[in-house]
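Chemist: I need the structure of the sequence given here:
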Amino acid sequence: MNRVNEVNNDRPQNDGPTFAALGIREETVEALAALGIERAFAIQEYAIPIALRGSDIIGRAPTGTGKTFGFGLPIIDRITSADEGADGLPQALILVPTRELGLQVARDLEDAGKTRSIRVLPIYGGRAYEPQVEALKTGVEIIVGTPGRLLDLYKSKHIKLNRIAHCVLDEADRMLDLGFSEDVEKILKLLPEQRQTMLFSATMPDTIMSLSRRHMNRPITVAADVSAPDLEAANNTRQLVYMTHAMNKVEVTARILQARGRGLTILFCRTKRAAQKLADELDFRGFAVGSVHGDLGQNARERALRAFRSGKIDVLVATDVAARGIDVPDITHVINYDAPEEAETYVHRIGRTGRAGATGIAVTFLTWEDLPRWKIIVKANNLDLGDPKETYHTSDHLYSDLDIPEGAPPALPSELRKRDGLSAEREENVEGEPRKKGRGARSGRGPRSKGRGESRSEGRSEGDRDRDSGRGESDRRRGAGDRRSDSDQAAEAPRSRQRRRIRTGDAPLGSEPQAVPAPRADSDGDAPARRRRRRRRPTGDNDRPTATQD
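Modeler: Sure thing, here's the model as predicted:
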């Protein structure tokens, strides 16, 4: 790779220049002003002028510092909209590791390009193919997609990539961590050689640099506050670490959630099962809670995120699938219910608060088994947090540290339950599956948990969040032109079961018994083995047992 120009910036972000001064066109500036966005953050200030020239960029910045507009605004300004004569073929491609991040990026770019009617399409697994295919036929300018579903649509010839002039790898390190390295390589090889490539991430491991050498042309590295002590999240977030007992974690959590001034809160768990169990427990204790993890279908995940953004719920329990892509401005607390396993994971988790200059509080629970790994995380991020305090729900320092009212009960008092809850959020069937009725199909609610069990996908792997629903779904639906709809298959299922019952001689309940003919011997006298053995057994005349005299 050629010489890399690196720019570091230590100036406070709120003193940045206006987007008009950076060269962004007037229509885009108006769209940003309507969103209340007028000045650029550090990564945007240095990335936008370079990207407007068409140069390749490697952007390094902590999560939550505005990377999306750093690459998105130059793309919006340089592409042609439908009103300006675009033919509807995609001109820009943005690859993201998770569905949640894809939806967030697509939403931001659509808002920024609204004045020019820029069409942005999020493509990801876990939802029906048909709406995405129809949108591609109608025409789009920008595609934001996960690698698995994007390759599926390309192989089925529903998407064309020959007009892509701008390609972005967003959160590239996370994309490779999730096992998308091979898919990313395939997609980059499908794109035109003459294109602009931008790679943005919070960390830059060797695998990312190797990828850039193969697929980028003289990239310029832009780094904003990249040194570990100066991480944006660490600067703006008050970090507390407590030694807790596994049996007492939920009691401590219930008290923290009653702290004065607490707003939206995210709790991170290590596994899907632990996340759902915690969400159920907090729901039982009266908190307005939702969950986001790999065992939930896309319907349930998007529903929980919508309720969280709108304030209908103020507690979101998530696995690390949500550590990237959740950009909600009013998150005041992050609780690491289960300690993170890697230094980068810790940064991304606490980065959900303290974003874009705001302040927040991050609380991490440690058990004695977590201590060796935690020491590595502290050293890697150059944190000065002191020794963790042994903490229980009765510890005085817990209440003083987090401004929790004295005598806070283990459950949220009834007079404080003012949130609408997850049940107030509408359901949107994004998966394209018919709603199931009857037993086991709760209306978006499981035992003691609002939203639990909604469109639950069984056997989904946490580490393969896109391909689990994208690739597998593609195999089931291969051949989009002649495949049957899900509703057709659902309608035929009862008839298939009925035919099987008739063949086995079991008539459906309430119907007349069906006569089932006995198997006949073939012409050569060959009968079933069971009957053949019975005939050879000598039991007396006429196949009856003979009476004997004592």
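Chemist: which residues does the nearest residue to Pro410 once chain neighbours are set aside contact?
Modeler: Ranked by C-beta to C-beta, 6 or more residues apart in numbering and with sequence neighbours excluded, the top spatial neighbour of Pro410 is Ala254, at 5.3 Å. All C-beta atoms are positioned from the backbone trio N, CA, C, and that covers glycine. By C-beta atoms under 8 Å, 6 or more residues apart in numbering, the contact set of Ala254 is Leu282, Arg285, Phe287, His393, Ala408, Pro410, Ala411, Leu412.
Chemist: and these as CSV, adding distance to Leu371?
Modeler: Listed next are the contacts of Ala254 as CSV, based on distance: C-beta to C-beta, whole Å:
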residue, distance to Leu371
Leu282, 26
Arg285, 29
Phe287, 29
His393, 21
Ala408, 28
Pro410, 27
Ala411, 31
Leu412, 32
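Chemist: of the residues you listed, which is the nearest to Ala34?
Modeler: Distance to Ala34 across those (C-beta to C-beta) is lowest for Phe287, with 34.5 Å.
Chemist: the closest one against Val315, yeah?
Modeler: Yes. With contact defined as C-beta atoms under 8 Å, Phe287 counts as touching Val315 (5.2 Å).
Chemist: and for those two, which residues touch both?
Modeler: Counting by C-beta under 8 Å, 6+ apart, the common neighbours of Phe287 and Val315 are Leu257.
Chemist: where does the stretch 351-500 of the chain dip in pLDDT?
Modeler: Within the stretch 351-500 of the chain, the stretches with pLDDT under 70 are 355-357, 429-500.
Chemist: strands of that one, start to end?
Modeler: 360-366, 389-390, 445-446, 449-450 (DSSP state E, counting those that start in this stretch).
Chemist: tally of neighbours for Ile377?
Modeler: Other residues lying near Ile377 total 20 when counted by other C-beta atoms under 10 Å.
Chemist: quick check: it vs Asp370, distance?
Modeler: For Ile377, the distance to Asp370 (C-beta to C-beta, to the nearest Å) stands at 9 Å.
Chemist: contacting residues for Val140?
Modeler: Contacts of Val140 (C-beta under 8 Å, 6+ apart): Gly88, Pro90, Arg119, Val120, Leu121.
Chemist: show me which of those residues are buried.
Modeler: Pro90, Arg119, Val120, Leu121 (16 or more other C-beta atoms under 10 Å).
Chemist: sec struct for the first one, please.
Modeler: Translated: Pro90. Here Pro90 is recorded as coil under DSSP: H, G, I helix; E, B strand; the rest coil.
Chemist: still on that earlier bit, identify the farthest-apart pair in the contacts of Val140.
Modeler: Greatest spatial distance in those: Gly88 and Val120, 13.2 Å, computed using C-beta to C-beta.
Chemist: ok so, going back, and the contacts of Ala254, which of them are buried?
Modeler: If you count burial by 16+ other C-beta under 10 Å, the buried members of these come out as Leu282, Arg285, Phe287, His393, Ala408, Leu412.
Chemist: what's the farthest-apart pair in those?
Modeler: Pairwise distances across the buried ones among the contacts of Ala254 (C-beta to C-beta) peak at 15.2 Å, for the pair Phe287 and His393.
Chemist: if we can go back for a sec, lowest-confidence one in the contacts of Val140?
Modeler: Within the set of these, pLDDT is lowest for Gly88 (91).
Chemist: chain neighbours aside, what residue packs nearest to it?
Modeler: Nearest residue to Gly88 in three dimensions, chain neighbours excluded: Gly139, at 2.4 Å (C-beta to C-beta, 6+ apart).
Chemist: pretty sure that neighbour sits against Leu89.
Modeler: Yes. The criterion here is C-beta under 8 Å, and Gly139 meets it with Leu89 at 7.4 Å.
Chemist: so, low pLDDT: which residues of the protein?
Modeler: 1-14, 62-64, 225-235, 322-326, 355-357, 429-550.
Chemist: returning to what we had before: return the member of the contacts of Val140 nearest to Asp173.
Modeler: Using C-beta to C-beta, the contacts of Val140 come closest to Asp173 at Val120, 23.9 Å.
Chemist: wait, doesn't the closest one sit right on Asp108?
Modeler: No. With contact defined as C-beta under 8 Å, Val120 does not reach Asp108; the gap is 9.0 Å.
Chemist: contacting residues for Ala31?
Modeler: Asp111, Ala112, Gly113, Lys114, Thr115.
Chemist: let's see 6 Å
Modeler: Contacts for Ala31 (C-beta atoms under 6 Å, 6 or more residues apart in numbering) come out as Ala112, Lys114, Thr115.
Chemist: please apply the same query to Asp403.
Modeler: Contacts for Asp403 (C-beta under 6 Å, 6+ apart) come out as Ala259, Arg260.
Chemist: and the gap between it and Ala358?
Modeler: Counting by C-beta to C-beta, the gap from Asp403 to Ala358 is 18 Å.
Chemist: break the chain down into its domains, please.
Modeler: 6-226, 230-432+445-450 (automatic domain parsing).
Chemist: let's have the contacts of Val140 in CSV, adding distance to Leu199.
Modeler: Formatted as CSV, those follow (distance: C-beta to C-beta, whole Å):
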residue, distance to Leu199
Gly88, 27
Pro90, 19
Arg119, 24
Val120, 20
Leu121, 22
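Chemist: ok, the residues you listed vs Ala223, which is closest?
Modeler: After measuring the contacts of Val140 against Ala223 - C-beta to C-beta - the closest member comes out as Val120, at 27.6 Å.
Chemist: who's that closest one bridged to?
Modeler: Ile142 (DSSP bridges).
Chemist: need the contact list for it.
Modeler: With C-beta under 6 Å, 6+ apart, Val120 has these contacts: Ala106, Leu109, Glu110, Ile142.
Chemist: go on, Thr197?
Modeler: Applying C-beta under 6 Å, 6+ apart, we find Thr197 in contact with Asp56, Cys167, Met216.
Chemist: same check, this time on His293
Modeler: With contacts defined as C-beta under 6 Å, 6+ apart, His293 is in contact with Lys272, Ala275, Thr319.
Chemist: for the second one, which non-adjacent residue is closest in space?
Modeler: Distance criterion C-beta to C-beta, 6+ apart; nearest residue to Ala275, sequence neighbours excluded, is Cys269 at 4.1 Å.
Chemist: ok, that neighbour to Thr253 distance?
Modeler: 11 Å.
Chemist: again with Asp177
Modeler: Distance of Asp177 to Thr253, given as C-beta to C-beta: 28 Å.
Chemist: looking at those two, which one has more neighbours?
Modeler: Set Asp177 next to Thr253 and count neighbours by other C-beta under 10 Å: Thr253 wins out with 24 against 19.
Chemist: state the phi and psi torsions of that one.
Modeler: Backbone torsions of Thr253, given as degrees, to the nearest 10, read phi -60, psi -40.
Chemist: pretty sure Ile187 sits in a strand.
Modeler: No. Counting by three-state DSSP, Ile187 is not found in a strand; it is helix.
Chemist: how far away is it from Ala51?
Modeler: Separation of Ile187 from Ala51 (C-beta to C-beta): 20 Å.
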